[in-house]
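Q: Please find the sequence and the predicted model below.
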Protein chains: 4
Amino acid sequence: MEAIRRRQLIDAAIASIGRYGYGEATVQRISRAAGVSSGIIHHYFGGKDELLEASMRDLLAELRREVAGRLAKATTPRARLEAIVEGNFAPSQFDPPVVAAWLAFWSEARHAPKLARLQRINHRRLLSNLRHAFSAVLAPEAAAQAATGLAALIDGLWLNAALSGERNIDEALAIAQRFLDRELGDGAAMKRQ
Amino acid sequence: MEAIRRRQLIDAAIASIGRYGYGEATVQRISRAAGVSSGIIHHYFGGKDELLEASMRDLLAELRREVAGRLAKATTPRARLEAIVEGNFAPSQFDPPVVAAWLAFWSEARHAPKLARLQRINHRRLLSNLRHAFSAVLAPEAAAQAATGLAALIDGLWLNAALSGERNIDEALAIAQRFLDRELGDGAAMKRQ
Amino acid sequence: MEAIRRRQLIDAAIASIGRYGYGEATVQRISRAAGVSSGIIHHYFGGKDELLEASMRDLLAELRREVAGRLAKATTPRARLEAIVEGNFAPSQFDPPVVAAWLAFWSEARHAPKLARLQRINHRRLLSNLRHAFSAVLAPEAAAQAATGLAALIDGLWLNAALSGERNIDEALAIAQRFLDRELGDGAAMKRQ
Amino acid sequence: MEAIRRRQLIDAAIASIGRYGYGEATVQRISRAAGVSSGIIHHYFGGKDELLEASMRDLLAELRREVAGRLAKATTPRARLEAIVEGNFAPSQFDPPVVAAWLAFWSEARHAPKLARLQRINHRRLLSNLRHAFSAVLAPEAAAQAATGLAALIDGLWLNAALSGERNIDEALAIAQRFLDRELGDGAAMKRQ
DNA sequence: TATGAATGAGGATTCATTCAT
DNA sequence: AATGAATGAATCCTCATTCAT
């Protein structure tokens, strides 16, 4: 029962942020979207802030799943990097309410320490995953810079797609592939020296 | 008088978003930060939303100035591209309240048509600037893709620097330069064919 | 079963008033203190107000027992008066939760007719007991005044001890004895005339 | 303006406690009784609790005024003691809303440290006033006991009058006078020794 | 032009009560 | 007999907005 209600409420919270925006995602609206009474949020989460924190955790977990699932099937360094890129560009990450929620959490994280911590952990995992994959074919310094660059490119491509409303994921993937072509081409050469 | 007050209030609004967050930047706090009464906001802007819209316009104008100033001095295509990158990475763009305000506006823009319009115009100008500069040395299609890629990289690098709190601008610039090196190297070759 | 549950819940109600105050003694807290579910209160009492009324009745019954027990053993008028005083100053009447509950009921009685009725009955019994005992040695008018005075002294001494948190019962008893000394000294003289 | 509003709101708070009881004296009811909007309470007092604390302070100040005014005119120890008694039995202290508010504060003080402090100060002032006056004619120990006794009698008589709803102030005064007659008769004799 | 007192709608939260199990 | 999940009305409080000065 508890698991069901928490799921319902988290989904409703993300949907409400998507529909109304973070500041206008009220307890009233979220509970109505979940088809339950307003009091239930406090029963299961203790309060609105905790529900929103749980919602951010849920977004992060979903992204982690998308990446981890693809990563598990990858065998070469290049495939691992592509898995990370594709995980970040999975359809679930472009669902409009999800996009709105991500943006809201990035903004809120600046003033909510708990959200900031989640966001920091997420960012570090992405960087660490990328660096690890690049390290297989690049020298440490080059791997670090390539990781930072690809992380930025992933976020930037996602952001532009998210902000523009166009889900031109194919072009984003092509640009990321191109980035990989060059980093791995150069890097492989460098490492061979 | 009006110009002075509007300036004061816009600065106070950005500062308040930086200090308290978008949702907690109240009329009371903004007016106190500006050293004026709370009623004055409605006198000069008509309401809180209009002040916030004016503040976003102000951020955009400042960014435009940073880019345009550098662009005016650039003579080669490469210099133009670097001018755009450096304008976007100007110190003013990493001032913490400004960072917070940018993030807030990106988030809010999803639900405030007026803000969305401003953001769209800004994004198009960036893309158009980049495409124009790339077109001098790349074929149209390649120029478009390079522009999209660099725009994403700029936003992503800015975002990561902004979210991590570290203002490691030099690394960001190095990564962007590296991107340019490669696009222009390839591109020049392609165009020469 | 019913008797056991009612006892548990009344004790828990008084304990909760003692710990949290009247307004903060919620059904949730009371039932948790009793180690039962929240629904049980309505099952056995019909509602929160009825439980609180039963709790006040319980306090009154306990006070009555303290007085009646001592009164049964008293043989002289003076002993009867002392029995009443000592019953009112029994240790059970200074148990902090009981003190808090008494104060709360005095306050609530002004707006809850049922509680007001209980309190009125209690006050009349005290006065009647005192008057009856004084009548054995004082003229009717003097007995009535002595009874009113001693009733006030008892309440006032209890109240001051209760409010100050010090359970200086011995001093209170000494003062009451002193009052009796004088009333009975005078009174006896008057009656003898 | 501020002084006027605070006065209005304190009066309305006491009236509302009198009419509805402490727990039911809501911000809504208090502000309506004051003829102002509900938000104004937070504007002038910061919150409901602060208004209620200010109301208790007001009750205490009024009592202090009643006593101090009479005390200033008293020249003999006996007159001083009567001034204190009469101050505590002034008509203002039997106004029904005031009675209800006093009872409520006594009850609430057990769980609100700020109210507890006010109540403690008040009790100490009463005791100190009485002890000082008794000291002029009684030995220190006897004066202390007489003070405690009279303080209790005052509170008890007030309480019984308050609880019974009868404002039989004359009988209360007569009983207090009688107490004084005896304490001072004995005491004077003792001191003369 | 500028103030800040005042409003009252709307927010999160609490809680007595109900009821299916 | 007993549970505790669920409800929704009522609470305090916040805040953008208005307006007399």
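A: Thanks, I have the structure now.
Q: Just the closest residue of chain A to DNA strand F, please.
A: Of all residues in chain A, the one sitting closest to DNA strand F is residue A:39 (2.1 Å; C-beta to the nearest atom of the strand). For every residue, glycine as well, the C-beta is placed using N, CA and C.
Q: Look at that residue and report its pLDDT.
A: Per-residue confidence (pLDDT) for residue A:39: 95.
Q: just for chain A, where's the confidence low?
A: Counting by pLDDT under 70, chain A contains low-confidence ranges at A:186-193.
Q: May I have the residues that are in contact with whichever residue of chain A sits closest to chain B?
A: Nearest residue of chain A to chain B: residue A:156, at 2.8 Å (C-beta to the nearest C-beta). Taking C-beta atoms under 8 Å, 6 or more residues apart in numbering or on different chains, we find residue A:156 in contact with B:151, B:152, B:153, B:154, B:155, B:156, B:157, B:159.
Q: What is the nearest of these to residue A:8?
A: Closest approach to residue A:8 among the contacts of residue A:156 (C-beta to C-beta): residue B:159, at 31.8 Å.
Q: does the closest one really touch residue A:159, like I thought?
A: Yes - using C-beta atoms under 8 Å, residue B:159 makes contact with residue A:159 at a distance of 6.5 Å.
Q: about what we covered before: would you mind measuring from the residue of chain A closest to chain B to residue B:117?
A: 21 Å (C-beta to C-beta, to the nearest Å).
Q: where do the helices sit along chain A?
A: A:2-20, A:27-34, A:39-45, A:48-73, A:77-88, A:96-109, A:113-135, A:140-164, A:169-192 (DSSP state H).
Q: Pull out the buried residues from the last one.
A: The neighbour-count check on helix A:169-192 (16 or more other C-beta atoms under 10 Å in any protein chain shown) flags A:169, A:171-172, A:175-176, A:178-180, A:182-184, A:186-187 as buried.
Q: who in chain A is up against DNA strand E?
A: A:24, A:26, A:27, A:28, A:38, A:39, A:41, A:42, A:43, A:47, A:48, A:49 (C-beta under 7 Å from any atom of the strand).
Q: if you set the cut-off to 6 Å instead, what comes out?
A: A:26, A:27, A:28, A:38, A:39, A:42, A:47, A:48, A:49 (C-beta under 6 Å from any atom of the strand).
Q: Enumerate every residue touching the first one.
A: Put plainly, it is residue A:26. Contacts of residue A:26 (C-beta under 8 Å, 6+ apart): A:16, A:20.
Q: Dihedrals phi and psi, it?
A: When read as degrees, to the nearest 10, the backbone of residue A:26 gives phi -80, psi 160.
Q: what does the fourth one give?
A: The phi/psi pair for residue A:38 (degrees, to the nearest 10) reads phi -70, psi -30.
Q: List the contacts of it.
A: Counting by C-beta under 8 Å, 6+ apart, residue A:38 has contacts A:27, A:28, A:31.
Q: Excluding sequence neighbours, find me the nearest residue to the last one.
A: If you skip the residues right next to it in sequence, residue A:31 has residue A:38 as its closest partner in space, 4.4 Å away by C-beta to C-beta, 6 or more residues apart in numbering or on different chains.
Q: And that neighbour, how close does it get to residue A:12?
A: 12 Å.
Q: who touches both of those two?
A: Common neighbours of residue A:38 and residue A:12 (C-beta under 8 Å, 6+ apart) are residue A:31.
Q: Nearest spatial neighbour of residue A:94, chain-adjacent residues omitted?
A: Residue A:94 sits nearest to residue A:167 (C-beta to C-beta, 6+ apart), 4.8 Å away.
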